[in-house]
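Novice: Return a 3D structure for these sequence lines:
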Amino acid sequence: MDEDAYRRWLSRLSGDVTYREQVHTPSGLPVELTYGPWSVTGSYEEKLGLPGEYPFTRGIYPAGYRGKLWTMRQYAGFATAEESNRRYRFLLSQGQTGLSVAFDLPTQIGFDSDHPLALGEVGRVGVAIDTLADMETLLEGIPLDRVSLSMTINATASILLAMVLAVAKKQGVSWEKLSGTVQNDILKEYIARGTYRFPPRPSLRLVTDLMAFCHAQVPKWNTISISGYHIREAGATAVQEVAFTLANAREYVRQALAAGLAVDDFAPRLSFFFAAHNNFLEEVAKFRAARRLWAKTMKEEFGARDPRSWLLRFHTQTAGSTLTAQQPDNNVVRVTIQAMAAVCGGTQSLHTNAKDEALALPSEESALLALRTQQIIAYESGLADVVDPLGGAYVIEAWTDRIEAQASEYIGRIEAMGGALAAIERGFVQREIQDAAYRAQREIEEGSQVVVGVNRFQEGESKSPPVFRVNDEVQRAQVERLRAVKARRNEAEVKRTLEALENAAKTGENLMPPILAAVEAYATVGEIAGTLAAVFGEHREGGWS
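Specialist: Here you go, the predicted model:
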């Protein structure tokens, strides 16, 4: 059947066959009633190839999950280091294969637990880490040479990574054996999250200093996880998620090149972080389009010669913004659909949200169910047995092409402005996301976008499950712990290392060694970040420098 035959078939639909003529995906892609060869432009062989071969549309590894399953990396962290450590060890005992650490807001921004701005936030959305002593407790009993560690941390990424390196030394684990990821993606903080401390340009220096240090000292560590997840959670469409994430990635590549790094020295350790939403087919196509577009960017634009530099390796988290407080059991179904999309799209690691996260931090029971969801997909669904199981489907290939084309158009507009940093400074990216979020919310309120249990099928409301709450005593206990560490540390050594850090910040030398020295002297996150802020300044929304 060709396109003309398809159009003749469409015209035969009579009054007794009803269908919605105008349907679109959440990203606005028009949805045809069916798809065929006419839907895909160009040569399948040229655009698809085989798994593990350029342009990697079908996946970055030839054997896919037949060679190795994705890392099951549940995101967790709350209250004190002791409590989070117990949760990590429980999840590892239940088959989790990697840790993903959530930090509280004071730690993310660089304030200690006894700072006035930390009041009410200590241990709330993640674990509180003030000094190396907390990190030692957090990772107690965790074999760092065998467990991959991911940390969602950005403004203070260098400080928290230095703490992990210090713990590894104490455990006798060679840095060459460490594997994991530090998010270290500061640009998306100015777009979507707001957990920044320093202005953008010195923040980018911290990013590239960490890249250079790890290239020489921690070769298996992923030095940045360029995040589309938070961009999507702020309201971006799937197309915008791809476009803005890859635009930020291009900025990081240029910054690293300007800092004197060779592209094939750092590009193999770049990694990405995407969301998985409810529109199953669009999400699968999104992952494939992003992979192909990045391969072309690195090979054709930046001239990378090492095939590892062409690979878009990514972690996926199911979408927190899709979880509903109403009828929370429905979230189990949503998370399953999203996780299957990530697997069909070829993710390298995956976090599945718990059903109660629209209400509070996940309980141990719901966190275990989220992990079991991944395990059932891995071992019972059959999806892990075939590489790119939906590849070749007309609709998947058509949407992969369209997402790639529309994302490329966005990137072209951003490049014309001078790149991602310039576009962010002009507010372009922020406005585009805000407009998309407004359109999506309006569709929900008008009912054209159905959310089960929210704007339709509200009958039969299920009871809210018991929710997990952080004890109000957490901040008091954490402050006492901080005071105890300060009482027994060598204050002269702390002063010396902070002065060395200040000097390094002024002179332009790599900041990782002096940060590591300060961490090992048990200087606090707040003291180290404050020292840097005294040199770099502090960023305020709307105050670009």
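Novice: okay, CA-based contacts and neighbour counts for the rest of this
Specialist: Will do.
Novice: how near is the closest residue in space to residue 104 that isn't next to it in sequence to residue 523?
Specialist: Counting by Cα to Cα, 6 or more residues apart in numbering, residue 104 lies nearest to residue 126, which is 3.9 Å off, once chain neighbours are set aside. Applying Cα to Cα, to the nearest Å, the value for residue 126 to residue 523 is 21 Å.
Novice: Report all helices and strands that the helix ranked longest in the chain contacts.
Specialist: When the chain is parsed with DSSP state H, its longest helix is helix 394-416. Here helix 394-416 touches helix 238-258, helix 280-296, going by 3 or more Cα pairs under 8 Å, 6 or more residues apart in numbering; DSSP states H and E.
Novice: then the helix or strand of the chain with the lowest mean pLDDT to CSV, C-alphas only?
Specialist: When the helices and strands of the chain are scored by mean pLDDT, DSSP states H and E, helix 44-48 comes last with a mean of 75. Taking C-alpha atoms only, helix 44-48 is exported to CSV below (Å, rounded to 0.1, in the frame of the first residue of the first chain):
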residue,chain,number,x,y,z
TYR,A,44,15.7,2.2,6.6
GLU,A,45,19.2,0.7,6.2
GLU,A,46,20.9,4.1,6.4
LYS,A,47,18.9,5.4,9.4
LEU,A,48,18.6,2.2,11.4
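Novice: For that helix, buried residues please.
Specialist: For helix 44-48, the neighbour count (16 or more other Cα atoms under 10 Å) marks 47-48 as buried.
Novice: residues making contact with it?
Specialist: By Cα atoms under 8 Å, 6 or more residues apart in numbering, the residues outside helix 44-48 that reach it are 55-58, 392.
Novice: Now which of these would you call buried?
Specialist: Neighbour counting by 16+ other Cα under 10 Å classes 55-58 among the contacts of helix 44-48 as buried.
Novice: OK, contacts around residue 258?
Specialist: Per Cα under 8 Å, 6+ apart, neighbours of residue 258: none.
Novice: what's the pLDDT at it?
Specialist: Looking at residue 258, its pLDDT reads 95.
Novice: State the distance from it to residue 198.
Specialist: The value you get for residue 258 to residue 198, if Cα to Cα is used, is 20 Å.
Novice: tell me the contacts of the residue nearest to residue 186 when sequence neighbours are not counted?
Specialist: Spatial nearest neighbour of residue 186, chain neighbours left out: residue 154 (5.6 Å); criterion: Cα to Cα, 6+ apart. The contact partners of residue 154, taken as Cα under 8 Å, 6+ apart, are 108, 182-186, 189, 195-196.
Novice: and with 10 Å instead?
Specialist: Applying Cα atoms under 10 Å, 6 or more residues apart in numbering to residue 154 gives the contacts 108-109, 160, 182-189, 195-197, 203, 206-207, 224-225.
Novice: Of these, which belong to strands?
Specialist: 182, 224-225 (DSSP state E).
Novice: where along this structure do the strands fall?
Specialist: With DSSP E as the criterion, the chain has strands spanning 71-76, 98-102, 148-152, 180-182, 221-222, 224-227, 270-276, 314-318, 349-351.
Novice: Touching the shortest one from outside, list them.
Specialist: In other words, strand 221-222. Contacts of strand 221-222 (Cα under 10 Å, 6+ apart): 148-150, 175-184, 211, 214-215, 266-272.
Novice: do the second one as well
Specialist: Identification of contacts with strand 98-102 by Cα under 10 Å, 6+ apart yields 70-78, 84, 88-89, 91-92, 108, 123, 125-128, 138, 142, 146-153, 179-182, 349-351.
Novice: go again using 8 Å as the cut-off
Specialist: Residues outside strand 98-102 that contact it (Cα under 8 Å, 6+ apart): 71-78, 88, 92, 125-127, 147-153.
Novice: What strands line up against it, and which way round?
Specialist: Strand 98-102 sits in its sheet next to strand 71-76 (parallel), strand 148-152 (parallel), going by DSSP bridges.
Novice: Nearest residue to residue 346 in space, ignoring adjacent ones along the chain?
Specialist: residue 59 (5.8 Å).
Novice: contacting residues for the residue sitting nearest the centre point of the chain?
Specialist: By Cα atoms, centre = their mean, the mean C-alpha position of the chain lies nearest to residue 273, the distance being 3.4 Å. If you count contacts by Cα under 8 Å, 6+ apart, residue 273 has them with 225-229, 314-317.
Novice: which stretches of the stretch 351-500 of the chain aren't confidently modelled?
Specialist: 460-471 (pLDDT under 70).
Novice: For the closest residue to residue 161 other than its chain neighbours, the count of nearby residues, please.
Specialist: Among residues not flanking residue 161 along the chain, residue 182 sits closest, at 7.2 Å (Cα to Cα, 6+ apart). For residue 182, the count of nearby residues is 25 (other Cα atoms under 10 Å).
Novice: Now do the contacts for residue 182.
Specialist: Neighbours of residue 182 in contact, by Cα under 8 Å, 6+ apart: 150-154, 157, 161, 222-225.
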